[in-house]
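Colleague: sequence first, then the predicted structure:
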Amino acid sequence: MRFCSHHETHPKFTPRDYPEIIRSGILRAVMEYNSISYHADKDSISGFDYELLNAFAKAKNLRLEITPEMSFEERLKGISEGKYDLIATGTIVTTRSKDTLLFTHPLLLSKQILVQRKREEGKDSLYIHNQLELGGKMLHVVKGSPALLRLHNLINEIADTIYIKEVDQYGPEQLMAMVSEGDIDYAVCDENIAKANIGLYPNLDIDTDISFTQFYAWGVAKHAPLLLDTLNVWLNQYMKSEDYRVLYKKYFY
């Protein structure tokens, strides 16, 4: 398995579908580096998406090339250019995201939540009890995140201004740390990632929902319907297995 670096000189890529991938023997995936999707754990690599994709690659006799990329926009760009064959990080399935990606069958259910500090004596004016209280507040979110569409809809729903700061150098886990340290007051993160990290930050509150529960799936380019079909057929079988049950329980129970 090869892990790519952004400092390497990459050759020119062309979009591929499953037959070209099989001929090359290499599957190129892009993932967000976080505790749920893909991360280094001492001397090994862990993550729900990583372990699931690794099982697929082994079943198809493919070698994985994984590139970590925190920017959602850069992941989309890489898919459209053929740099990556799939986004193997759970991505919110929306009408807008369907315009640019073909999605596998849903892998997870999750939602976007507000990350804020717990109520403090004398500082309760900072604490958000519900979505109606977001008016006039500054929310930090990863640049290009699909959560942005939900936030813009929320602005219409509450009929008030919500200030949105897109952050391009940090992921959701870093935003949680910044809220905990008081560098920022509010961030919007995926609930699964927030729950996986909340134990590190006893002063944080993640009980306020920003979105309703949504489907999360892997995405491939519009030019790769055969790759999509192959992934879906394999996922349908594998997700019924004991191996998958153990994997899911490892990260979400």
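Modeller: Everything's here; your move. Numbers count the residues shown, from 1 in each chain.
Colleague: this protein: strands as residue ranges?
Modeller: With DSSP state E as the criterion, the chain has strands at 2-3, 26-31, 39-41, 44-46, 63-68, 86-92, 102-103, 108-110, 112-117, 138-142, 163-167, 187-190, 204-209, 214-220.
Colleague: distance of residue 161 relative to residue 136?
Modeller: Relative to residue 136, residue 161 is positioned 6 Å away (CB to CB, to the nearest Å). To be clear about C-beta, it is placed using only N, CA and C from the backbone, and glycine gets the same treatment.
Colleague: now swap in residue 117 and tell me
Modeller: Distance from residue 117 to residue 136, by CB to CB: 18 Å.
Colleague: who has more neighbours out of the two?
Modeller: residue 117 (18 against 9; other CB atoms under 10 Å).
Colleague: model confidence score at the closest residue to the more buried one other than its chain neighbours, please.
Modeller: In this structure, residue 117 finds its nearest non-sequential neighbour in residue 203, 5.5 Å apart by CB to CB, 6 or more residues apart in numbering. On the pLDDT scale, residue 203 is placed at 96.
Colleague: switch to numbering from 851
Modeller: Will do, 851 is the new start, and the previous item becomes residue 1053.
Colleague: tell me the phi and psi of residue 1053?
Modeller: Dihedral pair for residue 1053: phi -90, psi 0, per degrees, to the nearest 10.
Colleague: check contacts around it.
Modeller: Going by CB atoms under 8 Å, 6 or more residues apart in numbering, residue 1053 touches 967, 968, 1030.
Colleague: for residue 963, same thing?
Modeller: 1038, 1039, 1040, 1041, 1044, 1056, 1057, 1058, 1059, 1060.
Colleague: one more pass at 6 Å, please.
Modeller: 1041, 1044, 1056, 1059, 1060 (CB atoms under 6 Å, 6 or more residues apart in numbering).
Colleague: just residue 982 next, same as before
Modeller: Residue 982 touches residue 1008, counting by CB under 6 Å, 6+ apart.
Colleague: so what pLDDT did it get?
Modeller: Residue 982 is given a pLDDT of 93.
Colleague: shaky segments in the stretch 951-1100 of the chain?
Modeller: In the predicted model of the stretch 951-1100 of the chain, residues 972-974 satisfy pLDDT under 70.
Colleague: quick one: the helices in the protein?
Modeller: Using DSSP state H, the helices found in the chain span residues 868-874, 898-909, 922-931, 997-1008, 1022-1031, 1041-1047, 1075-1088, 1092-1102.
Colleague: in CSV: the ones you listed, plus distance to residue 952.
Modeller: Formatted as CSV, these follow (distance: least, CB to CB, whole Å):
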stretch, distance to residue 952
helix 868-874, 12
helix 898-909, 16
helix 922-931, 10
helix 997-1008, 19
helix 1022-1031, 25
helix 1041-1047, 23
helix 1075-1088, 5
helix 1092-1102, 22
